[in-house]
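Engineer: Quick one, structure for this:
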Amino acid sequence: MKFTREQAIEMALDAGLPLHFIDSLSEQNAERITRLCTLAADRALEAAAVECDKYDSLRIDGACETIRAMKDQQ
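Structural biologist: Numbers count the residues shown, from 1 in each chain. Sure, this is the predicted structure:
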């Protein structure tokens, strides 16, 4: 799952980072925060897929593969 800079900034604000901090982000640091959000989302999706794998009915229905495919969406 990939996030845009705007989405990452929105999440940073939701997390309580002060606006003056976000406004002063260099392009490089903004990219790092965007990458951090992407990594966190990917790990959360994989954790959900691992839990999903524990249930035969969900594996058979393709739910686990659908969750994993979400990591690759842009």
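
Engineer: doesn't Asp61 make contact with Cys52?
Structural biologist: No. Between Cys52 and Asp61 there is no contact under C-beta atoms under 8 Å: 9.6 Å. From N, CA and C alone the C-beta is placed, and that goes for glycine too.

Engineer: Can you pick out the residue with more neighbours from the two?
Structural biologist: Between Cys52 and Asp61, counted using other C-beta atoms under 10 Å, Cys52 has the larger neighbour count: 17 against 12.

Engineer: Which helix or which strand is home to the more buried one?
Structural biologist: Using DSSP states H and E, Cys52 sits in helix 27-53.

Engineer: in that helix, what's buried?
Structural biologist: For helix 27-53, burial by neighbour count (16 or more other C-beta atoms under 10 Å) applies to Ala30, Ile33, Thr34, Cys37, Thr38, Ala41, Asp42, Leu45, Ala49, Cys52.

Engineer: so how many other residues sit close to Glu6?
Structural biologist: Taking other C-beta under 10 Å as the criterion, the count of residues near Glu6 is 10.

Engineer: could you point out which element follows the helix or strand harbouring it?
Structural biologist: Here Glu6 sits within helix 5-14, counting by DSSP H and E. Going down the chain from helix 5-14, the next helix or strand is helix 19-23, by DSSP H and E.

Engineer: how about low-confidence regions in the protein?
Structural biologist: Across the chain, the ranges flagged by pLDDT under 70 are 74.

Engineer: Thanks a lot, see you next time.
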